[in-house]
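Trainee: Everything below, folded, please.
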Amino acid sequence: MIQFRLIPIFLISILLCFPAVINAQEIDTTETEINIKNMRLPLPAYANKSIRYTIDDEIANLIADILERIGVNDVFVGIELDSTFLNIDSTINKYTIVTCNELNGIREAIVVSATEIFQFNDEQEENGTYFKLKRSIFKKKPSQKTEPDSTNIYTEISVFLNFIDIETGDNIGYIDVTATHTGGSLKQSKEKALENLWDKLMMELKKIYWLSFYIESTTNGKIKLPFGTNYGIKKGKIFELVEPDRIWEDEKGEYIVAGGRVGFATVSDTTRDSSKVKIIRLWQDFYPESWVVEYPYTIQGFELNLVAPSTDYYLSFGIQFHANPMQKIDWGFGMQIIQVADSFGDKNFGFGFSGFGIWRFLNGAKFDIGAKLGINIDIPFKEDDNGQIVNTALFSTQIGIIAEYPLSEKFDIVFGLGYRFGVKSSEWEFSENDETFPAYWRNDSPEVDNTGYILSTGFKYYLY
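Mentor: Predicted coordinates:
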């Protein structure tokens with residue numbers, strides 16, 4: 001009898017629960033659609049002290065900065081909405097929600113869909129002391145400090161980005177990137193990991209929005225691109241050579257070796273069906289699955305140059321500007337501090353200006369040799385027999401051979417050997433009240449000459 005009475009109760013319970021199940025499914029479906037169609041604007045970077053400023057906002061602002069730097073102006077950066085956000089009415093007023101049809105003039109959106117931060121104290125890893133933080137980190141007051149007393153925090157930041165077509169609302173691709181750093185406090189380690197993330201995202205976004213190709217093969221410093229990829233490539237175009245992350249194994253385990261830019265290449269020739277791409281600077285070997293991406297900006301450089309005293313007559317130390325520091329034809333100008341000996345045996349100091357042109361006839365990946373032609377005007381100073389500071393002008397031209405070798409991503413070491421043809425000068429003068437007067441000497445005036453061999457060395461710094 002008791003079992004018979006339980007049957008109606010059981011049936012009534014099922015009927016009551018069934019609409020609830022249907023409603024729950026409808027809510028899930030609606031929220032899934034909202035997540036695809038709607039997103040929110042990130043909080044501005046200056047709001048990073050707000051409790052509502054999350055790691056999602058930080059990543060979105062980082063991506064927006066990258067897009068601005070690489071010249072992409074028709075892509076929107078947003079943050080994917082979740083059910084928690086939708087159910088808190090007070091939060092709606094704090095953020096701006098946008099839909100695809102509201103983004104006029106925008107062709108696609110990059111949506112921060114998932115982020116994760118993982119941190120632990122690397123010094124105490126063996127004891128199992130670790131912690132994990134997701135989606136946001138809030139700064140504690142000093143009395144609530146929870147950071148371990150460590151300067152070796154390991155941080156790992158993972159980001160999943162969706163690319164949305166604004167016109168259709170469809171997902172057209174994604175990026176999954178992870179960046180790490182070990183060292184420093186919680187805050188310091190996180191900041192360094194974000195810097196590494198910035199570099200990785202920069203490379204990935206340039207690969208998407210700029211002209212880029214995977215490398216098919218490399219032979220004798222020349223890159224072969226896949227067949228049919230010469231469309232849009234012009235002679236002289238500069239490409240960055242980029243290596244992906246790779247796994248390194250040893251007896252202790254596996255390690256991720258961060259990739260990145262390892263060199264530059266230029267299009268030396270192009271035909272209807274193929275292009276010849278030559279590596280012009282390489283500071284690190286690269287491995288399979290590397291790729292090239294166009295570099296649309298001008299590359300320039302500065303060189304600190306020392307002309308050693310190969311004779312007793314002349315030495316100089318100066319800075320030179322290079323207009324095309326990687327190309328076959330380079331030119332620039334500079335200024336220098338000089339020391340030159342005169343016929344009295346005195347060493348006189350002064351300053352000078354120079355201009356030069358370089359033809360790199362051997363323009364290799366790891367070694368350059370070129371001919372350098374330059375002109376100088378130097379102005380040494382001296383005290384005449386009346387105690388007046390006087391000066392003269394030395395004009396010269398020089399020709400020589402230079403050799404360049406890359407030390408790192410932005411530094412080269414430069415050696416030079418040549419000869420300077422100078423014009424002797426013994427005309428000294430000084431200026432007073434906008435008038436020029438000759439120097440006074442009791443005997444013959446001292447003569448200066450900077451003719452002689454040149455032995456120079458320098459460090460060149462690239463601007464890119």
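Trainee: was I right about P406 contacting I280?
Mentor: No. Contact criterion C-beta atoms under 8 Å: P406 and I280 do not qualify, at 10.4 Å. Bear in mind the C-beta positions are built from the backbone N, C-alpha and C, glycine included.
Trainee: can you give me the helices in the stretch 151-300 of the chain?
Mentor: In the stretch 151-300 of the chain, the segments counted as helices under DSSP state H, counting those that start in this stretch are 186-209.
Trainee: which ones are touching V277?
Mentor: By C-beta atoms under 8 Å, 6 or more residues apart in numbering, the residues touching V277 are K222, I223, K224, L225, F239, A265, T266, V267, S268, V292.
Trainee: what's across from the first one in the sheet?
Mentor: So the one you mean is K222. T219, K278 (DSSP bridges).
Trainee: ok now do it, which residues does it touch?
Mentor: Contacts of K222 (C-beta under 8 Å, 6+ apart): K276, V277, K278, I279.
Trainee: now those residues as CSV including distance to D57?
Mentor: Shown next, in CSV, are those (distance: C-beta to C-beta, whole Å):
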residue, distance to D57
K276, 46
V277, 40
K278, 43
I279, 40
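Trainee: which among those residues gets closest to G169?
Mentor: The closest of those to G169 turns out to be V277 (C-beta to C-beta; 38.4 Å).
Trainee: re earlier: are any of the contacts of K222 buried, and if so which?
Mentor: Buried positions within the contacts of K222, assessed by neighbour count (16 or more other C-beta atoms under 10 Å), are K276, V277, K278, I279.
Trainee: By pLDDT, rank those residues and give me the bottom one.
Mentor: Minimum pLDDT for the buried ones among the contacts of K222 is recorded at K276 (78).
Trainee: and E58, how many residues sit next to it?
Mentor: For E58, the neighbour count with other C-beta atoms under 10 Å is 22.
Trainee: Please apply the same query to L407.
Mentor: Look at L407: counted by other C-beta under 10 Å, it has 11 neighbours.
Trainee: Not counting its neighbours along the chain, what's nearest it?
Mentor: Of all residues not flanking L407 in the chain, I413 sits nearest, at 5.6 Å (C-beta to C-beta, 6 or more residues apart in numbering).
Trainee: Quick check: phi and psi on the one you found?
Mentor: Main-chain torsions, I413, degrees, to the nearest 10: phi -100, psi 140.
Trainee: measure A371 to S426 for me?
Mentor: According to C-beta to C-beta, to the nearest Å, A371 and S426 sit 32 Å apart.
Trainee: now the stretch 301-450 of the chain, which segments are flagged as low pLDDT?
Mentor: Scanning the stretch 301-450 of the chain for pLDDT under 70 picks out 310-312.
Trainee: and A60, that's in a strand?
Mentor: No. Counting by DSSP: H, G, I helix; E, B strand; the rest coil, one finds A60 to be helix, located in no strand.
Trainee: Contacts only, for it.
Mentor: The contact partners of A60, by C-beta under 8 Å, 6+ apart, come to P42, V77, G78, I79, V112.
Trainee: all strands for the stretch 151-300 of the chain, in order.
Mentor: Assigned by DSSP state E, counting those that start in this stretch, the strands in the stretch 151-300 of the chain fall at 153-165, 171-182, 212-214, 217-219, 222-224, 238-243, 246-250, 253-257, 260-270, 275-282, 291-294, 300-308.
Trainee: State the distance spanning the first to the last residue of stretch 440-452.
Mentor: This stretch, stretch 440-452, spans 29 Å end to end (C-alpha to C-alpha, to the nearest Å).
Trainee: got the buried residues for it?
Mentor: Under 16+ other C-beta under 10 Å, the buried positions of stretch 440-452 are S445, P446, V448, D449, N450, T451, G452.
Trainee: Quick check, the last one in contact with A308.
Mentor: Going back to what we said before, that points to G452. No. Contact between G452 and A308 fails when scored by C-beta under 8 Å: they sit 11.3 Å apart.
Trainee: ok, how many other residues are close to G263?
Mentor: 24.
Trainee: ok, what's across the strand from it?
Mentor: Under the criterion used here (DSSP bridges), G263 is bridged to L241, L282.
Trainee: Give me the pLDDT value at it.
Mentor: As predicted, G263 sits at a pLDDT of 93.
Trainee: List the contacts of it.
Mentor: Contacts of G263 by C-beta under 8 Å, 6+ apart are E240, L241, I279, I280, R281, L282, W283, Q284, F286, A365.
Trainee: Most neighbours among those residues, which one is it?
Mentor: L241 (25 neighbours).
Trainee: still on that earlier bit, nearest to G301, of the contacts of K222?
Mentor: I279 (17.8 Å).
Trainee: Not counting residues beside it along the chain, what's closest to that closest one?
Mentor: A365 (4.0 Å).
Trainee: Just to check, that neighbour is in contact with W283?
Mentor: No. Applying C-beta under 8 Å, one finds A365 not in contact with W283, separated by 9.3 Å.
Trainee: and stretch 238-250, average pLDDT?
Mentor: For stretch 238-250, the mean per-residue pLDDT is 84.
Trainee: tell me which residues in that stretch are buried?
Mentor: Across stretch 238-250, burial judged by 16+ other C-beta under 10 Å covers I238, F239, E240, L241, V242, E243, P244.
Trainee: now swap in stretch 406-416 and tell me
Mentor: Buried residues in stretch 406-416, counted by 16+ other C-beta under 10 Å: P406, D412, V414, G416.
Trainee: where's the nearest residue to the first one once chain neighbours are set aside relative to F264, distance?
Mentor: Once flanking residues are discounted, P406 sits nearest to W283: 4.4 Å by C-beta to C-beta, 6+ apart. Between W283 and F264 the distance, using C-beta to C-beta, works out to 10 Å.
Trainee: With Q300 instead?
Mentor: According to C-beta to C-beta, Q300 stands 13 Å off from F264.
Trainee: Which one's more surrounded, those two?
Mentor: Remark: of Q300 and F264, F264 carries more neighbours, 21 against 16, as counted by other C-beta under 10 Å.
Trainee: Tell me which residues touch that one, please.
Mentor: Listed by C-beta under 8 Å, 6+ apart, the contact set of F264 reads I238, F239, E240, L241, I279, I280, R281, L282, Y295, I299, M326.
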